[in-house]
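S.K.: Need a 3D model of the following:
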Amino acid sequence: MDATAEQATISDERLVEMARQGELGAFEELVARHRDKVYGRILTMMRNEDEAVELAQEAWVKAWQRLGQFQGDSGFSTWLMRIAINLCLDQLRKRQRHRTDSLEQIEEEHGGIECRLPSPSANPVESVQREELRQAIEDAIAKLSPAHRTVLVLHEFEEMAYKEIARMMGCSIGTVMSRLFYARKRMAALLGELRQLS
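M.R.: Sure thing, here's the model as predicted:
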């Protein structure tokens, strides 16, 4: 078994230990395992492909620099995702402060909600319906404000608790709950409109 095939069978935590000892191949294996999920999550939050690529690269650089801080309390992918989400939140705060782009431009930016995976279904009608639903959800998420979109992504996709989201976003738990309520209500309305049109 060659070194690459052997690394594919090693746990994330062991790869982190190897990377800390200077084995670059171990870190490269971590990147290969998690890069698509990191990029997909950042793209969902930022709605801009170029920005998502830059922030994903920055997340990996920070992860490399902070490997010594990884305690193993949670999985490596969870720890890594926190780094990526914090970068997104910082960028969204800067964007809000500087307002270099109009809200309309931000909301019109288009990207994938997750990496496209082939449907396991052999039924072409079902595949088309699933793709249409995925596109409808993606379009609805894109119409949310950055603050509402972020809360929805953190709670629904990352399964974070209100308290953790509040800490990450620098707001109260009540604000998180309010934003999440509004985001869900808006999503339901947008998806309802699309259902009526079809």
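
S.K.: going on from the helix or strand of the chain with the lowest mean pLDDT, what's the next piece of helix or strand?
M.R.: Least confident helix or strand of the chain, by mean pLDDT, DSSP states H and E, is helix 103-108 with a mean of 45. For helix 103-108, the succeeding helix or strand toward the C-terminus, using DSSP states H and E, is helix 124-142.

S.K.: what packs against that next one?
M.R.: helix 146-152, helix 173-197 (3 or more CB pairs under 8 Å, 6 or more residues apart in numbering; DSSP states H and E). Any C-beta I mention is one placed from the backbone N, CA and C, and that applies to glycine too.

S.K.: nearest to residue 69, of these?
M.R.: Among the helices and strands packed on helix 124-142, helix 146-152 comes nearest to residue 69, with 23.8 Å by CB to CB.

S.K.: Give the buried residues for the next helix or strand after the closest one.
M.R.: Sequence order places helix 162-169 as the next helix or strand after helix 146-152, per DSSP H and E. Taking 16 or more other CB atoms under 10 Å as the basis for neighbour counts, the residues of helix 162-169 that come out buried are 162, 164-166, 168-169.

S.K.: same question, stretch 68-80
M.R.: Those buried within stretch 68-80 under the rule 16+ other CB under 10 Å are 70, 76, 79-80.

S.K.: can you put these in a markdown table and add pLDDT and secondary structure?
M.R.: Formatted as a markdown table, the entries for the buried residues of stretch 68-80 read as follows, by pLDDT from 0 to 100; DSSP: H, G, I helix; E, B strand; the rest coil:
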| residue | pLDDT | secondary structure |
| --- | --- | --- |
| 70 | 92 | coil |
| 76 | 94 | helix |
| 79 | 94 | helix |
| 80 | 94 | helix |
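
S.K.: ok, those residues vs residue 192, which is closest?
M.R.: Using CB to CB, the buried residues of stretch 68-80 come closest to residue 192 at residue 80, 35.8 Å.

S.K.: so how many other residues sit close to residue 14?
M.R.: Taking other CB atoms under 10 Å as the neighbour definition, residue 14 ends up with a count of 12.

S.K.: what does residue 90 give?
M.R.: Counted with other CB under 10 Å, residues neighbouring residue 90 total 12.
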